[in-house]
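Visitor: just need the structure, nothing else, for what follows:
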Amino acid sequence: IMKGEFDELRNIIPIMAIIMTIVTALTQLHVLNTGLAKFEALVVVPVYQTFYNAFAITGGLIFFQEYRAMSKKDTTMYSIGLMITLVG
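Guide: Residues are numbered from 1 along each chain as shown. Okay, here's the model as predicted:
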């Protein structure tokens with residue numbers, strides 16, 4: 001089954017995905033460390049986690065194109081849920 005070749009790495013898309021994942025992780029660490037250097041952890045960590053969750057949920061909504069099948073009720077409930085996540 002395995003021939004020892006990495007055909008996936010001959011295409012630019014997986015390589016770019018790996019590079020962007022590394023860049024994103026390093027950027028998140030930098031932003032988190034900068035915030036922790038300037039403010040207390042009791043402020044920075046919950047805000048960081050809240051925005052991480054909000055962007056992850058919205059990213060999934062866009063990536064999987066779930067918005068196409070959403071009714072008006074679904075859109076309203078999504079908006080309310082996102083606001084609850086952001087406000088607390």
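
Visitor: mind listing what's buried along stretch 73-88?
Guide: For stretch 73-88, the neighbour count (16 or more other CB atoms under 10 Å) marks Tyr78 as buried. Where you see a C-beta, it was placed from the backbone N, CA and C, and this is true even at glycine.

Visitor: centre of the chain to that stretch, how far?
Guide: 17 Å (CA atoms, centre = their mean, to the nearest Å).

Visitor: stretch 65-72 too?
Guide: Using CA atoms, centre = their mean, the offset of stretch 65-72 from its chain centre is 20 Å.

Visitor: first-to-last residue distance for it?
Guide: 15 Å (CA to CA, to the nearest Å).

Visitor: which residues sit against it?
Guide: For stretch 65-72, contacts defined as CB atoms under 8 Å, 6 or more residues apart in numbering pick out 60-61, 75, 78.

Visitor: dump those to a markdown table, plus secondary structure and distance to Gln49.
Guide: Putting these into a markdown table (DSSP: H, G, I helix; E, B strand; the rest coil; distance: CB to CB, whole Å) gives the following:
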| residue | secondary structure | distance to Gln49 |
| --- | --- | --- |
| Gly60 | helix | 17 |
| Leu61 | helix | 19 |
| Thr75 | helix | 25 |
| Tyr78 | helix | 19 |
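
Visitor: what's the burial count for the nearest residue to Thr75 once chain neighbours are set aside?
Guide: Nearest residue to Thr75, sequence neighbours excluded (CB to CB, 6 or more residues apart in numbering): Tyr67, at 7.7 Å. Tyr67 is flanked by 12 other residues according to other CB atoms under 10 Å.

Visitor: re earlier: among the contacts of stretch 65-72, which two are most distant?
Guide: Gly60 and Thr75 (15.1 Å; CB to CB).

Visitor: hmm, back to that, closest one of the contacts of stretch 65-72 to Tyr52?
Guide: Using CB to CB, the contacts of stretch 65-72 come closest to Tyr52 at Gly60, 12.6 Å.

Visitor: quick one: contacts for that closest one?
Guide: Contacts of Gly60 (CB under 8 Å, 6+ apart): Glu66.

Visitor: roughly how far does the most centrally placed residue in the chain sit from Ser71?
Guide: Central residue of the chain (CA atoms, centre = their mean): Ala56, 3.6 Å from the mean position. Counting by CB to CB, to the nearest Å, the gap between Ala56 and Ser71 amounts to 23 Å.
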